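Trainee: sharing a model that was predicted from the sequence below.
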Amino acid sequence: MPNFRVFFQSARLFDPAPGSEFKFYTHLLIIFGIMIVLAIAVFIFVTKFKKNNPIQIKLGRKIYYCFLVCGSIGYILLFFRYQNVRFLSSRFLLLILFSIFIIWLGLILFYFLRRYPKELVEFQDFVRKVKYMPKPRKKK
């Protein structure tokens, strides 16, 4: 098990050219790969099973974009790290990416806990009202 305290040392965190040797490649490749696989799974689930509910599609798209963008940018940053590109290979950018990911998940959780139930009730009321609305007559 790698020592993650080494990852967060300030001398290593802000180094503009940290070198291509990095112990956490495999761990981060797995984490970013899981993010992309989860994004694809959420996309497939939302498009196949939630076609009639735009509120659930909205929530699914938020989760999909969060995982896809963070996983893709993570792979790009790891590529820069492997190629030893100056400034783009610093650990600070990975830390910023994980911070953005946590904040983005927090915003999605806030939406899910606060706004989603209200929007879902409003949509169900709309569907119930549309069911009893008169249908337009067919033109002859």
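Mentor: The structure has been received and is ready for your questions.
Trainee: tell me the pLDDT at residue 8?
Mentor: The score at residue 8 is 66. That number is its pLDDT.
Trainee: give me the three-state assignment for residue 112.
Mentor: Classification of residue 112 using DSSP: H, G, I helix; E, B strand; the rest coil returns helix.
Trainee: give me the distance between it and residue 51.
Mentor: Separation of residue 112 from residue 51 (CB to CB, to the nearest Å): 20 Å. C-beta: built from backbone N, CA, C; applies to glycine.
Trainee: likewise residue 88?
Mentor: Applying CB to CB to residue 88 and residue 51 gives a distance of 41 Å.
Trainee: more neighbours: which of the two?
Mentor: Looking at residue 88 and residue 51 with other CB atoms under 10 Å, you find the greater number of neighbours at residue 88, namely 14 against 10.
Trainee: surely the more buried one meets residue 80?
Mentor: Yes - in this structure, residue 88 is within contact of residue 80 by CB atoms under 8 Å, at 4.1 Å.
Trainee: what comes up buried for the helix ranked longest in the chain?
Mentor: Longest helix in the chain, counting residues (DSSP state H): helix 54-83. If you call a residue buried by 16 or more other CB atoms under 10 Å, then helix 54-83 has these buried ones: 55-56, 58-60, 62-64, 66-71, 73-75, 77-78, 80-81.
Trainee: what's the pLDDT at the residue most central in space within the chain?
Mentor: Central residue of the chain (CA atoms, centre = their mean): residue 66, 1.8 Å from the mean position. If you check residue 66, the pLDDT there is 95.
Trainee: with residue 97 instead?
Mentor: 92.
Trainee: run a quick neighbour tally on it.
Mentor: Counted with other CB under 10 Å, residue 97 comes out at 19.
Trainee: distance of it from residue 106?
Mentor: Taking CB to CB, one finds residue 97 at 15 Å from residue 106.
Trainee: equivalent analysis for residue 112, please.
Mentor: For residue 112, the distance to residue 106 - CB to CB - is 11 Å.
Trainee: between the two, which has more neighbouring residues?
Mentor: Taking other CB under 10 Å, residue 112 and residue 106 do not tie; residue 112 has more neighbours (13 against 10).
Trainee: how about the nearest residue to that one, chain neighbours excluded?
Mentor: The shortest distance from residue 112 to any residue other than its chain neighbours is 6.5 Å, reached at residue 59 (CB to CB, 6 or more residues apart in numbering).
Trainee: with that, I have no additional questions.
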